[in-house]
Structure formats: C-alpha cells, structure tokens
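K.L.:
dropping the sequence and predicted coords here.
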Amino acid sequence: MSEIELFHEWGSVQSFKVRMCLAELGLPWTSRRIDLSRFENLGPAYLEVHPKGLVPALRWNGEVFFESSDINELLVDIAGGRLVPSAIEERARARSWGRFEDEVVHPAVRPPTFNLILKARVAKIAPAEFAELISRHPLPARRDAYLAAAHAPFDRAAVIASIRTFSDVLAKMERALAATDWLAANSFSLADVAMAAFIDRLDRLAMTGMLAAFPNTSDWTTRIRSRPSFAKAQGPDTARPDSLVDAGLVTALLAEALGQPPTPEMEML
Ligand SMILES: N[C@@H](CCC(=O)N[C@@H](CS)C(=O)NCC(=O)O)C(=O)O
C-alpha cells in the first residue's frame, strides 16, 4: 500500500477527526506536523501542499487531498469500507453528521478556542510581526478575522453564542442516541469519529460539565473515550501544552450562556 502522509496539528479539531479515523482503520501513516503556533501553515513550503494554508491535508499515491470529511471517506475506501453502516439510511445519516460537524460544530468551536486558548499565545507575538505573518493568509476572511480579533478584548458574546450552539449540538446528539447505540446506527461509524473530535475540544475548553444534562451523550462519551483510537488521536500530552484554560472564567461563561432561553434558530439544529 502507498504511504499515507498526514499534514496536521495536534491541537486541531479537524486533524483529530482524521487521526482517529486512521487509528480506527488501523492504517499506518507518517506524521507531518504543521506547527500552527508558529504559523507554519502560512509558509511557502506548506502553501505548496495546501494552497489555503489549512490542516489537515493528506498525501497518498502522490496526490494531496483536503477537507477532513472527504479525507475520512477516502481512508474508508483505502481500508476496504469499514466505519460505514450497512443500511442506506444509516449511511446517509453518517454523511449528514460529518457535514454537521464541518458546517456547524467546527465554526462554533473557533471563537472559544481563539479566545480561551489561542489569544494568550498570539499576545506573545509583537503586533507588527503578527500582522506580517497573518497577511500571508490565502483566505481573506480568516486573515481579517485574525487581525481584528488578535489584540482585541476577550469576545465574551462570541464565546457565549458558541456555548449555546454546543448545548444544542449535545441535544441533537441526545436525540440520535435515544434511537441507536451510536450516532448513525447501532454500529460505530464515521459519524462517531466526527463528533468525537467535538468531545475532545470540549475537554480542552474545560466544558465537559455540559454533558451532565445529556445522559445518552454522556454514556456515548464514556464509550468513545475508552476506544484506543481516541487516545491515539489525541497524541502525546506534550503536543498540547497550551490546553489549560481559566476554569473559573469558563464556569461563569457556562452559567451565563445556559441561563438564557434557547433561540428559535438553535432549536432547529
Ligand atoms: N473544512 C476544513 C477546515 C480546515 C480548518 O479550518 N482547519 C483549521 C484547524 S482545525 C486550520 O487549519 N486553521 C488555521 C487557520 O485558520 O489559519 C476541514 O474540515 O478540513
């Protein structure tokens, strides 16, 4: 089999998804770490690999593939079809969870990650140096968002909005897990891999206390965490040295966010 090279960062949610998939499928891979804290993703060498400067990217048979969900589908094909349920509607559900993670969960994860974890890191870089580094970002929307947020005050409203989305995400998981043992079916699938990455991020944000209100999802989380692939996807502890957030601040944010009634938009998730 051709070598699989994964360009990834240990602290990246979307990279976690692919690492857990690789571990579940038992596929050997070579790690090419892209250090996001040093903006290696914006250096010329990595932009040759991924013109948008994002992780993960996966090289196989000399070709580079992007987008974590598409990469996981590719890995399933390479491994001969495991992690995909057998019934047609279950397969559709599994794809839908993957898209949900990409389109709802990952964007919601970004504000708390930036404000609670990354901001302190960015603060250590001189503003002029930071502006020079980030000006290389090929995605104008991300470049502008980083520039606006980097030295701005803590964005409490954005973090609270994300927590409220997280709560609705957990409610959606709870409903699915009332019907089946795993998210898309009674067997473990790509859907569970995608949402395991969300649980890992809740851990890093010190927000797993939110699970207490969702018994089915808590049980699923226990089962997910006990899979060897979860620990393998997390990688070495030393790879995530900046994972400590201010637990007191998080407790206050959770109380404020969850004390408000849900918006109609959230109830539609
Ligand atoms: N939809 C893409 C999103 C990729 C993405 O945004 N990755 C983040 C890390 S989780 C990244 O590369 N961030 C660096 C940046 O925004 O410059 C996927 O699922 O692969």
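P.N.:
Looks like it came in fine. Nothing here was measured: the structure is a model prediction, and the numbers come from that model.
K.L.:
name the element the residue of the stretch 151-269 of the chain found nearest the ligand belongs to?
P.N.:
The minimum distance from the stretch 151-269 of the chain to the ligand, using Cβ to the nearest ligand atom, falls at Ala197 (8.9 Å). Every residue, glycine included, has its C-beta placed from N, CA and C. Using DSSP states H and E, Ala197 sits within helix 190-204.
K.L.:
tell me the buried residues in that helix?
P.N.:
Buried residues in helix 190-204, counted by 16 or more other Cβ atoms under 10 Å: 190-202, 204.
K.L.:
who touches stretch 108-128?
P.N.:
Residues from elsewhere that reach stretch 108-128 (Cβ atoms under 8 Å, 6 or more residues apart in numbering): 11, 13, 37, 130, 133, 149-151, 154-155, 158-159, 161-163, 165-166, 169, 198, 201, 204-205, 207, 242-243, 245-246, 249-250.
K.L.:
distance of Ser167 relative to Asn186?
P.N.:
As judged by Cβ to Cβ, to the nearest Å, Ser167 and Asn186 stand 26 Å apart.
K.L.:
ditto for Asn115
P.N.:
38 Å.
K.L.:
for Ala252, same thing?
P.N.:
40 Å.
K.L.:
element containing the residue in the stretch 101-250 of the chain that the ligand sits nearest to?
P.N.:
For the stretch 101-250 of the chain, the residue closest to the ligand is Arg142, as judged by Cβ to the nearest ligand atom, at 4.8 Å. Element membership for Arg142, per DSSP H and E: helix 140-150.
K.L.:
and the residue of the stretch 101-250 of the chain closest to the ligand, how many neighbours?
P.N.:
Arg142 has 15 neighbours, counted by other Cβ atoms under 10 Å.
K.L.:
now do the buried residues in the longest helix seen in the chain.
P.N.:
Taking DSSP state H as the criterion, the chain has its longest helix at helix 156-179. For helix 156-179, the buried set under the neighbour-count rule, 16+ other Cβ under 10 Å, comprises 159-174, 176-177.
K.L.:
swap in stretch 23-41?
P.N.:
For stretch 23-41, by 16+ other Cβ under 10 Å, it's Ala23, Glu24, Leu25, Trp29, Arg32, Ile34, Leu36, Phe39, Glu40, Asn41.
K.L.:
with stretch 213-226 instead?
P.N.:
In stretch 213-226, the ones that count as buried by 16+ other Cβ under 10 Å are Phe214, Asn216, Thr217, Ser218, Trp220, Thr221, Ile224.
K.L.:
equivalent analysis for stretch 94-105, please.
P.N.:
Using 16+ other Cβ under 10 Å as the test for burial, stretch 94-105 gives Ala94, Arg95, Trp97, Gly98, Phe100, Glu101, Asp102, Val104, Val105.
K.L.:
hmm, that stretch touching the ligand?
P.N.:
Yes. Using Cβ under 6 Å from any ligand atom, stretch 94-105 reaches the ligand at Asp102.
K.L.:
quick one: contacts of that stretch?
P.N.:
By Cβ under 8 Å, 6+ apart, stretch 94-105 touches 17, 67-69, 72, 84-85, 165, 169, 172, 183-185, 189-191, 194-195, 197-198, 269.
K.L.:
residues of the stretch 51-200 of the chain that sit close to the ligand?
P.N.:
Gly53, Leu54, Val55, Pro56, Glu67, Ser68, Asp102, His137, Arg142.
K.L.:
OK, contacts around the third one?
P.N.:
In other words, Val55. Counted by Cβ under 8 Å, 6+ apart, Val55 has contacts Phe7, His8, Glu9, Ser12, Gln14, Ser15, Ile34, Leu36, Asn41.
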